[in-house]
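K.L.:
Curious how this folds, go ahead:
(chains A, B and C)
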Amino acid sequence: MSDYLARLNPEQRLAVETLDGPLLVLAGAGTGKTRVLTTRFAHILLTKRAWPSQVLAVTFTNKAAREMRERVAAMLGTPVEGLWLGTFHALGARMLRRHAALAGLQPGFSILDTDDQLRLLKPLMQQAGLDLHRFPPPVLMGQIQRWKDRGLTPSRITPAEDTDFAQGKARALYAAYQERLAAVNAVDFGDLLLHTTELLRTHSDVLAAYHRSLRYILVDEYQDTNLVQYLWLRLLAQEHRNICCVGDDDQSIYSWRGAEVENILRFEQDFPGAQVVRLEANYRSTTPILAAAASLIAHNEGRLGKTLRAGRAESDGEKVAVIGLRDSDEEARMVGLRIEGLRSEGHSLAEIAILVRASFQTRAFEERLIAWAIPYRVVGGLRFYERAEIRDAIAYLRATLRPGDDLAFERILNVPRRGLGDAALRKLHERARAEERPLAAAAEALHDAGALSGRVREALASLLGGFARWRAVLARDGHVVALKTILDESGYLEMLEKDRSPEAPGRIENLRELGRAMAEFETLEGFLDHVSLVMENDENAAGDRVSLMTLHAAKGLEFDTVFLPGWEEGLFPHQRALEEAGTKALEEERRLAYVGLTRARTRAIVSHVGFRRFYSGWQNAFPSRFLDELPAEAITRSGAALLEREAALTAAPVFSAAFPSSAFPSSAFPAAARFPRVRDVPAEGQGEARRQRRGTPIAVGARVFHQKFGYGTVTGSDEDRLDIEFEKEGRKRVLDRFVEPA
DNA sequence: GTTCTTCTCCTTTTT
DNA sequence: GGAGAAGAAC
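P.N.:
A predicted model of the protein is given here:
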C-alpha cells in the first residue's frame, strides 16, 4: 500500500479509491476534504489511470485551485503541466477561447467587469425608453445574471419568466445586451459558462472531443454550484460518468449568488448508481465547539444528514463563550482586550480571526485594533484589479491592443480630464452608431472631417496620436514598456502625482505593482485574462496579524481562536432573511453561523450587544435566536442578565419600521415582547420633534400648496414623503410638512 | 465642462 | 456616517 493512502482514515480512503462511476463525498467541516481531493487527484495520476491532461478539476476560488495544484505537485514530487485545473470561470474561459467562433466571438474577446457591463447596458435601456430611476440598470443586470446562472440564453426565456422588470422588457434587453457584447467582442463572467455550456449542448462533435480527452472530473464545493455549472459538469461527465463531487450541504451560503443546494441534494438522482461517502471525523475542533455547531445546524430541515464526531485525541476543551455586552463599542473593546491577553500568553495573531456578518462591522474592530497597535488584515474587500487606477490602466492597455474595444476607450476617454466630456462622447457615439464602427474609428473620422471645435479637436487628436504610438511601442518593446509609456504620455501618472489626497501615493504604487505583475506574462493577452480572472489582492498577506473578515470570506479557513461578534436579531440572522417568507433564507443564515463556529480549532467567543451603532445613531438589539440553539453544556454565558436589565431601564416607547415585529417571535424572546424593538438612543431626542408634526394627514388625490413649487395634486405617499404632481414644476417628492391643503 | 450641493442608499460578493 | 450619483450653480 502506498503511504499516501495509509495516512487516510477508512472513509477518506474509500473516497479516494472509489474511482469508477459517480461519487458524492459529503465532507463535514474540518474532515479533511482538501486532503481527499488532492490525494484522489494524485492517486489517479500515480496509478496511471489518466494523464494529467485527462483530469478536470474545478474549484470556485483561485486560492483553492492554487492550493490543489501545489499539493498535487508535492505528492507527485514534480510540478504538473497541462492540467485542466482551475476555477469554473477560468476553465470556461479556456474552453471558450478554443471555440470562440462557435459562440460568435473572436478568440481575443475581452472579459468585462461590472463597470463595463453597466456601461454597455445603460444606453440600451435608454434606447428602450426606460426611466433609469424607476428601473435601475443594476437591477436588470442582476436579473440577467440570474438567468445566466440558470443557463438561460434569451431564446430560452419564456414570457412567463419575464415579468419582474419593466413589464416584461427584460428579455428583449437581455437579447440586446448579448448582441452588444458580441459586437464589441466581449463576454461577461456569466457568459464564460453560459456560452461554453450552450456550445457543448449544440455541437456534439466538440462535446465528443472533450469526452475523449477528459476521463475524470473532480469538483470542489459542489454545494455552491449554480445551474449552469451543473449543466456544464453534467455534459462533460455524461459519457464516462467518472465524476466526483465534494461538498457539504451544511455549508451552502451562496444561494443569493445563484448557488443551488438542490444540486447536491439531488446528486443521487442526477447520477444514477452514484455512491455516497460521508466524511464525519472532524480533526479540527474541540468537543464543545463541535457540539455547539452540531446542535445549531440540527435546527435546519432538508439536510442530507451528517454527524460530526471528534477525531482529535485531545478533543476536550474550553467551552464556547457567549458574552452579552452593553453596546458595540464595548464589544470591540472586549475583543481587543482578549486579543491582547492571548498575545501576551504567546499566541500568534495569525491564529486569531474576527468573523462578522456584514462588512460594516469591521470598522469598529479596526479602530480598536489600530488604537491598541494590534496588527490586523482585512480579508476580502476590493480586489487588486477592482481598483480604479488598475482598471484605468488596463482600459488603456485594452484600447491600445484592441482598437475596437469601445468600453475600454470610453472609460479612459476623459481620464485624466482632457475636455472630452459627455458632449464629446455623445457625438462619438452618434457617429459610431451611424457608421457601425468602433468609437475610436468614429473619433478618427470626426476629426478628419473637421467636425469638431478647437479644444475637443486637439484633445482627441492627441489621444488618437497617443494610441498610434503606443501600439507601435507595444509591438516593438512589449507590454511592460507600453504600460510605462502610456501612463507617462497620457498624463495619467501626472494626474496622480498632482493629486494631494492621501490615497494617491498608494495608487501610484499599485500601478508599479501592475507593471511587476505584467512582467511575468509573455503576452498582453495572457496577462489581461489573468487580471480579470485570477489576480487577487494579497497585500498584508504576510506577517503575524489578526484576520478580520466576513463569515462568507472565512469559508475554508481555520484559526485557533475565532471571535463571532454581533449575534443579534436583525444583524445575524440578518433582517432581510427574517423578512423573507419561509425558512430558506433563515436556514442559510444558520449555515453561516455553522460555518463560523466550525472555523475555530480551540476557542470560539460569540458575543451580542444591547445597543449597536447603526449609521448615524444607535439601535437596540436582542440576542440572536441562534444563541438559544447552542446546547447549554457546551457554552458558558456571561453578561446576558445585565443586558436585559439595561434594556428594560432605557427603552422608550418609540417604534421604528427598521425592525418589524415579525423579527421577534415573542415566544423565543420574552424580552422582545415586553419592550419596544428599536429606538434612537441619543437621548437629546432630536428625532421626536420631527415625528410629532404629523397633523392632518394629506390623502392621495388631494390638492395642495407648496411654498416653493406652488399648487399640485398628491399622487402617492411614503412615510412622511408625498409624491406630488405640481402644475408648474412637474412631479416631485417632498416632505409632507412643507405642504398644506389648498 | 467642472465643481459644489443635495439626495439616497445602506448584507453577504468565490469569479 | 459616509459614499456615490444626480442635479444645480458656476
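K.L.:
Contacts only, for residue A:125.
P.N.:
Neighbour list for residue A:125: A:132, A:135, A:137, A:140, A:173 [criterion: CB atoms under 8 Å, 6 or more residues apart in numbering]. From N, CA and C alone the C-beta is placed, and that goes for glycine too.
K.L.:
Got the phi and psi for it?
P.N.:
With angles defined as degrees, to the nearest 10, residue A:125 sits at phi -70, psi -40.
K.L.:
do residue A:77 as well
P.N.:
Residue A:77 has phi and psi values of phi 80, psi 10 when expressed as degrees, to the nearest 10.
K.L.:
Dump the contacts of residue A:125 to a markdown table, plus distance to DNA strand C, secondary structure and neighbour count.
P.N.:
Below are these laid out as a markdown table (distance: CB to the nearest atom of the strand, whole Å; DSSP: H, G, I helix; E, B strand; the rest coil; neighbours: other CB atoms under 10 Å):
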| residue | distance to DNA strand C | secondary structure | neighbour count |
| --- | --- | --- | --- |
| A:132 | 6 | coil | 11 |
| A:135 | 12 | coil | 17 |
| A:137 | 8 | helix | 20 |
| A:140 | 13 | helix | 25 |
| A:173 | 17 | helix | 25 |
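K.L.:
Which pLDDT value goes with residue A:217?
P.N.:
Turning to residue A:217, the model gives it a pLDDT of 97.
K.L.:
ok, now the one 10 residues further on?
P.N.:
Among the per-residue scores, residue A:227 shows a pLDDT of 94.
K.L.:
what does the stretch 251-400 of chain A put close to DNA strand B?
P.N.:
Residues of the stretch 251-400 of chain A found near DNA strand B (CB under 7 Å from any atom of the strand) are A:254, A:256, A:257, A:259, A:357, A:358, A:359, A:360, A:380, A:383.
K.L.:
strands paired with the strand ranked longest in chain A, and their directions?
P.N.:
Among all segments of chain A classified by DSSP state E, the strand with the greatest residue count is strand A:600-614. Paired strands of strand A:600-614, with direction, are strand A:320-327 (parallel), strand A:559-564 (parallel), strand A:617-620 (antiparallel) (DSSP bridges).
K.L.:
Would you mind pulling the contact partners of the longest one?
P.N.:
In this case it means strand A:320-327. With CB under 8 Å, 6+ apart as the test, strand A:320-327 has contacts from A:288-289, A:292, A:331, A:334, A:567, A:597, A:603-613, A:618, A:623, A:627, A:630, A:634-640, A:642-643, A:646.
K.L.:
ok, now stretch A:134-142?
P.N.:
Applying CB under 8 Å, 6+ apart, the external contacts of stretch A:134-142 come out as A:114, A:117, A:118, A:121, A:122, A:125, A:165, A:166, A:170, A:173.
K.L.:
how far is the helix or strand hosting the fourth one from where the chain is centred?
P.N.:
This means residue A:121. Taking DSSP states H and E as the criterion, residue A:121 maps to helix A:114-127. Relative to the centre of its chain, helix A:114-127 is centred 21 Å away, using CA atoms, centre = their mean, to the nearest Å.
K.L.:
can you check stretch A:48-55 too?
P.N.:
Distance, stretch centre to chain centre, for stretch A:48-55: 33 Å (CA atoms, centre = their mean).
K.L.:
List the buried residues in it.
P.N.:
Using 16 or more other CB atoms under 10 Å as the test for burial, stretch A:48-55 gives A:50, A:52, A:54, A:55.
K.L.:
can you check stretch A:151-166 too?
P.N.:
For stretch A:151-166, burial by neighbour count (16+ other CB under 10 Å) applies to A:151, A:152, A:153, A:154, A:157, A:162, A:165, A:166.
K.L.:
coming back round to it: near DNA strand C, from the buried residues of stretch A:48-55?
P.N.:
Taking CB under 7 Å from any atom of the strand as the test, DNA strand C is in contact with none of these.
K.L.:
I'd like these as CSV, with secondary structure and pLDDT appended.
P.N.:
Converted to CSV, the buried residues of stretch A:48-55 look like this (DSSP: H, G, I helix; E, B strand; the rest coil; pLDDT from 0 to 100):
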residue, secondary structure, pLDDT
A:50, coil, 93
A:52, helix, 92
A:54, helix, 95
A:55, strand, 95
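K.L.:
ok, so of those residues, who is nearest DNA strand B?
P.N.:
Nearest to DNA strand B out of these is residue A:55 (CB to the nearest atom of the strand; 19.5 Å).
K.L.:
hey, what's the closest one bridged with?
P.N.:
For residue A:55, the beta-bridge partners are residue A:216 (DSSP bridges).
K.L.:
Tell me how far it lies from residue A:93.
P.N.:
Going from residue A:55 to residue A:93 by CB to CB, to the nearest Å gives 19 Å.
K.L.:
go on, residue A:529?
P.N.:
Distance of residue A:529 to residue A:93, given as CB to CB: 6 Å.
K.L.:
And for residue A:570?
P.N.:
With distances taken as CB to CB, residue A:570 is found 40 Å from residue A:93.
K.L.:
which of the strands paired with strand A:600-614 has the lowest average pLDDT?
P.N.:
Mean pLDDT values for the strands paired with strand A:600-614 show the minimum at strand A:617-620, a mean of 82.
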